[in-house]
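>>> Any chance you can model this:
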Amino acid sequence: MTPVCPFVKAARPDDGSLKKPRENLNKQHESKAKNESGESVSLPAKCPFGYDSQTFKLGPFSCMICQALLFECSKCVPCSHVYCKACLSRFKDCPLCGADIEKTEADTDLQNVVDRFIEGHARIKRPQVNTEGKEVVGEKKTVIYEDVSLERGAFLVQQAMRAFRANNVESAKSRLSICAEDIREQLETMGNTSELCSQLGAVLGMLGDCCRAMGDAGAAVTYFEESVDFLSKVTTDDLEITHTLSVSLNKIGDLKYYGEDLEAARSYYFQALNVRRNAIKHPSCVPSQILDLAVSLVKVADVDRNIGNEDAAIAGFQEGIKLLESLTLGPEEVALEQRRQSVLEFLKNQLAKKD
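This is a model prediction of the structure:
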């Protein structure tokens with residue numbers, strides 16, 4: 001199953017993105033007419049620098065190497081081009097102009113501007129009020145923007161994913177930490193709603209990935225465990241949430257496995273296995289979930305073999321083989337078929353070791 005941003009919402013029937021251009025244009029004219037008549041109108045907020053969570057854009061605060069927002073701004077001397085410190089450390093010449101880098105200097109002024117931009121991005125714009133907290137009477141009412149806190153979250157995750165892909169892990173972790181803090185604040189006021197719990201669970205899982213990439217296994221386990229805690233509060237009807245939950249459990253299991261704590265690893269692998277067993281019982285089960293279940297069977301069986309429980313291991317490998325051999329995929333599902341063949345071959349090889 002392909003991971004998606006935790007802030008991506010299902011399209012609604014009244015979603016403007018599904019309407020024809022003429023309908024969107026008419027809506028803009030209606031909003032303008034309401035504003036001129038003195039009525040309050042609600043419009044989606046737009047970033048003045050063009051940053052948008054739904055489109056790819058490099059703005060004035062972007063690093064040209066990782067293509068995410070600048071983090072720990074570092075300026076080349078003498079050409080003065082600015083990049084993230086971690087990104088620039090991999091170069092001896094300026095990536096933009098090719099000039100020799102004699103030295104680098106921290107650009108704290110620019111970094112402060114970037115940090116203030118992040119803090120203010122996609123915040124709610126309130127109507128004008130006087131000093132007594134009452135709306136101004138006799139003047140045109142200010143356009144009131146809708147609550148775009150989720151778009152802020154999507155924006156932060158987008159920037160974090162760009163940085164992570166470019167191996168600027170510190171930058172990714174910083175953006176995700178801000179995102180997690182935002183969601184925690186909403187949880188305090190709105191309670192443990194399914195939407196907020198699923199979003200926080202996904203973001204915490206990403207923070208776990210950052211810590212694991214930085215070699216901090218202890219912090220990674222802590223984030224993954226907290227991710228599991230929040231995702232467990234959400235109904236398992238959502239395929240993406242179920243997938244994310246099982247992945248977080250498996251990642252904890254992997255860290256325990258590499259730390260040679262096999263009993264703990266098996267416990268987490270087995271929890272992930274149960275989540276995936278329950279998922280395939282759902283009417284909306286998809287082939288990728290069958291493959292995920294087979295992978296979980298492999299993980300549990302592998303640990304069983306390592307702790308000396310050979311009979312359980314053989315049973316797990318056989319169940320996985322039977323599951324994959326019964327799975328039929330369409331001709332268009334080439335990637336899934338390749339994965340199926342790869343896992344099936346591995347399972348048969350493991351079973352042959354006993355023979």
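>>> contacts and neighbour counts: CA atoms only from here.
Fine.
>>> low pLDDT regions in the stretch 151-300 of the chain?
236 (pLDDT under 70).
>>> Which residue ranges of it form helices?
Assignment of helices within the stretch 151-300 of the chain using DSSP state H, counting those that start in this stretch yields the ranges 169-190, 194-213, 217-231, 239-258, 262-279, 287-306.
>>> Next, find the distance separating residue 63 from residue 106.
Plainly put, residue 63 is 14 Å away from residue 106 if you go by CA to CA, to the nearest Å.
>>> before we move on, the earlier item: could you export the helices of the stretch 151-300 of the chain as a markdown table, including distance to residue 120 and mean neighbour count?
Below are these laid out as a markdown table (distance: least, CA to CA, whole Å; neighbours: other CA atoms under 10 Å):
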| stretch | distance to residue 120 | mean neighbour count |
| --- | --- | --- |
| helix 169-190 | 12 | 18 |
| helix 194-213 | 20 | 24 |
| helix 217-231 | 26 | 21 |
| helix 239-258 | 29 | 22 |
| helix 262-279 | 39 | 20 |
| helix 287-306 | 40 | 21 |
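>>> What is the burial count for the residue lying closest to residue 282 once chain neighbours are set aside?
Counting by CA to CA, 6 or more residues apart in numbering, residue 237 is the residue found nearest to residue 282 once chain neighbours are left out, at 7.6 Å. Neighbourhood size, residue 237 [other CA atoms under 10 Å]: 12.
>>> list the contacts for residue 293?
Applying CA atoms under 8 Å, 6 or more residues apart in numbering to residue 293 gives the contacts 273, 276-277, 320.
>>> right, and the pair among the residues you listed with maximum separation?
276 and 320 (12.8 Å; CA to CA).
>>> how much space between the residue nearest to residue 282 and residue 118?
Distance of residue 237 to residue 118, computed by CA to CA: 34 Å.
>>> returning to what we had before: specify the stretch among the helices of the stretch 151-300 of the chain that is closest to residue 76.
helix 169-190 (19.0 Å).
>>> Can you pull out the residues in contact with the closest one?
In this structure, residues lying in contact with helix 169-190 by CA under 8 Å, 6+ apart are 71, 153, 156-157, 159-164, 193, 196, 199-200, 203-204, 206-207, 210, 213-214.
>>> Over to stretch 250-263?
The contact list for stretch 250-263 (CA under 8 Å, 6+ apart) reads 217, 221, 224-225, 264-269, 272, 303, 306-307.
>>> got TSV for those, with distance to residue 85 too?
Formatted as TSV, the contacts of stretch 250-263 follow (distance: CA to CA, whole Å):
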residue	distance to residue 85
217	24
221	27
224	28
225	31
264	38
265	37
266	40
267	40
268	37
269	38
272	38
303	41
306	44
307	45
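>>> Tell me the one among the residues you listed nearest to residue 232.
Nearest to residue 232 among these is residue 225, at 10.5 Å by CA to CA.
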